[in-house]
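Peer 1: Got a predicted model here, sequence first, then my questions.
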Protein chains: 2
Amino acid sequence: MILELADIRIHPGQQAEFDAAILRGIGSVVSTAKGFRGFKVNKGIETPERYILQIFWDTLENHTVDFRGGPLFTQWRAIVGPYFAQPPVVEHFVLVGKSD
Amino acid sequence: MILELADIRIHPGQQAEFDAAILRGIGSVVSTAKGFRGFKVNKGIETPERYILQIFWDTLENHTVDFRGGPLFTQWRAIVGPYFAQPPVVEHFVLVGKSD
């Protein structure tokens, strides 16, 4: 399983609307994608307009090829894109270790 | 519960040693800290010397005051600090939503 981590900056003062939009976008669009395995969204304390979106995919290509190259990406960006103050910084990661 | 997210860059070529060191440092030092609730470590695919360390704390002060201001921080940094190519970028987050 692969972790996609997106470091997102939104326009100041739109936190409440973005909280709802990102959850709606994941629930209605991203969660239907091939290889989607789960997600987590956090928002910043020191930097309130910063969000960390973590999405778990079966394979790297499920995100970079299947999702980004298909129609779901357009639908997703239509929901969350208007809030972005700049392009999100997105990279992929593998697990080294965790508790539990 | 509060998420500490540390964006870490290590010296190239030391991944295997750092994998072991960060898990040893968490297991022997950080996990004994007041308010520690769990952790997760991931390493980069596109950027192999990039690590994302997530630590869950009961309160923000458990990390910023109790841990950073006490002797455990010195022990932790003695284990992982030599691998750092630059100071980690650390901020704190609250949960917006997640699957499961």
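Peer 2: Nice, I can see it. Numbers count the residues shown, from 1 in each chain, chains lettered A, B, ... in the order given.

Peer 1: Tell me where chain A has helices.
Peer 2: A:15-28, A:60-61, A:71-80 (DSSP state H).

Peer 1: Near the residue lying closest to residue A:35 once chain neighbours are set aside, how many other residues are there?
Peer 2: Spatial nearest neighbour of residue A:35, excluding adjacent residues (C-beta to C-beta, 6 or more residues apart in numbering or on different chains): residue A:62 at 2.8 Å. The C-beta positions use only the backbone N, C-alpha and C, and glycine is treated the same way. Residue A:62 has 20 neighbours, counted by other C-beta atoms under 10 Å in any protein chain shown.

Peer 1: Just to check, residue A:62 is in contact with residue A:56?
Peer 2: No: judged on C-beta atoms under 8 Å, residue A:62 makes no contact with residue A:56 at a distance of 9.9 Å.

Peer 1: rewinding a little: give the contact list for the residue nearest to residue A:35.
Peer 2: Residues in contact with residue A:62, defined by C-beta atoms under 8 Å, 6 or more residues apart in numbering or on different chains, are A:2, A:33, A:34, A:35, A:36.

Peer 1: Quick check, pLDDT for the first one.
Peer 2: What it means is residue A:2. With respect to pLDDT, residue A:2 scores 98.

Peer 1: shouldn't it be in contact with residue A:91?
Peer 2: No: counting by C-beta under 8 Å, residue A:2 sits too far from residue A:91 to count as a contact (10.7 Å).
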